[in-house]
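1. Just to be clear, the model below is a prediction. Sequence and coordinates:
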Amino acid sequence: MHLRKRILVTGGSGFLGSHLCERLLTQGHEVLCLDNFFSSARENVYHLMDNKRFELLRHDVTFPLFVEVDEIYNLACPASPIHYQHDPVQTIKTCVHGAINMLGLAKRTGARIFQASTSEVYGDPDQHPQTESYWGHVNPNGIRSCYDEGKRCAESLFFSYHRQHKLPIKVGRIFNTYGPRMHPNDGRVVSNFIMQALRGQPITIYGDGSQTRSFCYVDDLIDCMVRFMASPADFIGPMNMGNPGEFTIRQLAELVVELTNSSSSINFEPLPGDDPKQRRPDITLARTRLGWEPTITLREGLTKTIAYFDAQLTRQKSDPALQL
Ligand code: NAD
Ligand code: UDP
Ligand code: UDP
């Protein structure tokens, strides 16, 4: 039995946040879920609302927040390129002002604080696979920079608060993660391909589809996150979190078509600017320090995710007012 803690999850109604809230409640903790609902639906946490240990707070992390907590998971930030490029200035503010406010809160309360950093800190990497010691290859002023540089600045803030104020930090670099409760319209590749395949629409591959990504199923990722938070205080990261299985985007498209039994054709569209050509985490650090590694294959994870999106589409058919 874990000691009951009061835990703040920022971005808690988002894709990863909602799964994390659920896991923490299962462990017996009190969860304060904070979100401004910029890139997620409140529906993601409706099923938790009856739990007396769960509280939902509408708040924007770019503004100060005064609450009493023992732990903070800072996940607030739009994660899909479409969402984070929609209002790039707000994305930077969320990354930077949000980090400062949450670090200020951690400093005042003495809370341990986890930062959801990203593989995007490596940019379009010229080292493969990516280890934590690699400094990255990021365009500081391209269309992805609001997110990439915002997250890099957040890492810098976390390590500065640690050095200067001895804050107990945990910085995790998350690689592409997918699963139920991804927003169906957020433009990320897994949700796009599944929705297109289920609707019988053409699958949109950007570029020639030879670029690679490594996809981690959400349950594995959440497992890694809570283990990291519980690890010894001197292990602060940065630590890669992801599944080292690497696939081309074309392979992903073919697998989704196969698993959905879809008649969709494949359309090739222009590659967006600064799109990384390859990405695969070296997870030696997580393996050795946390004894963690992913257990769910892409095929298994996609099957579960397809079932979720399929159910959403069925619900929409019976309730056309439902926005997907
Ligand atoms: P998501 O968009 O589903 O969740 C982000 C949540 O943050 C949303 O609920 C959104 O409304 C909220 N939010 C955005 N700006 C906010 C603000 N200013 N104040 C309060 N709430 C705000 O995305 P996700 O995939 O769940 O990502 C969660 C975190 O993990 C993000 O920080 C993201 O950068 C990081 N991450 C995710 C992935 C991935 O593959 N899913 C990869 C790397 C990093
Ligand atoms: N902050 C917050 N909640 C708190 C404590 C601080 O939101 O419980 C904010 C505060 O508004 C400040 C930021 O966190 O702008 C950084 O706090 P810190 O103590 O590092 O800086 P200072 O207040 O000295 O500028
Ligand atoms: N992608 C694609 N078709 C889509 C959406 C994305 O081919 O409909 C590509 C995109 O260009 C990128 C990869 O899939 O090379 C992953 O894109 P995503 O937006 O999911 O994440 P990120 O680029 O941030 O890793």
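-> Looks like it arrived, so ask away. From a predicted model like this one, the values you see are computed outputs, not experimental measurements. Ligands and ions are numbered 1, 2, ... in the order given.
2. Would you map the strands across the protein?
-> Using DSSP state E, the strands found in the chain span residues 6-10, 30-35, 54-58, 71-74, 112-118, 169-174, 177-178, 203-206, 212-214, 216-217, 239-241, 246-248, 266-269.
3. for the record, mean pLDDT for the last one?
-> pLDDT averaged over strand 266-269 equals 97, rounded to a whole number.
4. Run the contact check for that strand versus ligand 3.
-> No. For strand 266-269, no contact with ligand 3 is found by CB under 6 Å from any ligand atom; the gap never falls below 7.3 Å. All C-beta spots, glycine's among them, are computed from the backbone N, C-alpha and C.
5. Repeat that for the fifth one.
-> No. Contact of strand 112-118 with ligand 3 (CB under 6 Å from any ligand atom) is absent, the minimum separation being 8.3 Å.
6. Adding distance to Arg227, write the strands of the chain out as a markdown table.
-> Shown next, in a markdown table, are these (distance: least, CB to CB, whole Å):
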| stretch | distance to Arg227 |
| --- | --- |
| strand 6-10 | 15 |
| strand 30-35 | 18 |
| strand 54-58 | 22 |
| strand 71-74 | 13 |
| strand 112-118 | 11 |
| strand 169-174 | 10 |
| strand 177-178 | 15 |
| strand 203-206 | 34 |
| strand 212-214 | 19 |
| strand 216-217 | 14 |
| strand 239-241 | 10 |
| strand 246-248 | 23 |
| strand 266-269 | 38 |
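7. I'd like those strands written out as CSV, with mean neighbour count added.
-> Output for these, formatted as CSV (neighbours: other CB atoms under 10 Å):
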stretch, mean neighbour count
strand 6-10, 25
strand 30-35, 24
strand 54-58, 16
strand 71-74, 26
strand 112-118, 24
strand 169-174, 24
strand 177-178, 25
strand 203-206, 20
strand 212-214, 21
strand 216-217, 24
strand 239-241, 27
strand 246-248, 16
strand 266-269, 13
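8. Please name the residues that touch Lys5.
-> 29-30, 70-71 (CB atoms under 8 Å, 6 or more residues apart in numbering).
9. Go through these and name the one nearest Phe54.
-> Glu30 (7.9 Å; CB to CB).
10. what's the pLDDT at that closest one?
-> Glu30 is assigned 98 on the pLDDT scale.
11. gap between it and Leu290?
-> Distance of Glu30 to Leu290, computed by CB to CB, to the nearest Å: 24 Å.
12. now, which of the contacts of Lys5 sits nearest ligand 3?
-> Ligand 3 lies nearest to Glu71 out of the contacts of Lys5, by CB to the nearest ligand atom, at 27.5 Å.
13. OK, contacts around Ser119?
-> Taking CB under 8 Å, 6+ apart, one finds 130, 173-176, 240, 242, 279, 281 in contact with Ser119.
14. hmm, 7 Å instead?
-> Ser119 makes contacts with 130, 173-175, 242, 279, 281, as judged by CB atoms under 7 Å, 6 or more residues apart in numbering.
15. now it: how far from Arg181?
-> 20 Å.
16. repeat for Asn51
-> Distance of Asn51 to Arg181, computed by CB to CB: 17 Å.
17. Looking at those two, which one has more neighbours?
-> Arg181 (22 against 15; other CB atoms under 10 Å).
18. Which residues of the stretch 51-200 of the chain lie near ligand 3?
-> 80-81, 176, 188-189, 192.
19. Let me have those in JSON lines, adding neighbour count, distance to Gly200 and pLDDT as columns.
-> As requested, those are arranged in JSON lines below (neighbours: other CB atoms under 10 Å; distance: CB to CB, whole Å; pLDDT from 0 to 100):
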{"residue": "Ser80", "neighbour count": "20", "distance to Gly200": "23", "pLDDT": "94"}
{"residue": "Pro81", "neighbour count": "19", "distance to Gly200": "25", "pLDDT": "94"}
{"residue": "Asn176", "neighbour count": "19", "distance to Gly200": "25", "pLDDT": "98"}
{"residue": "Arg188", "neighbour count": "20", "distance to Gly200": "20", "pLDDT": "96"}
{"residue": "Val189", "neighbour count": "22", "distance to Gly200": "18", "pLDDT": "98"}
{"residue": "Asn192", "neighbour count": "23", "distance to Gly200": "14", "pLDDT": "98"}
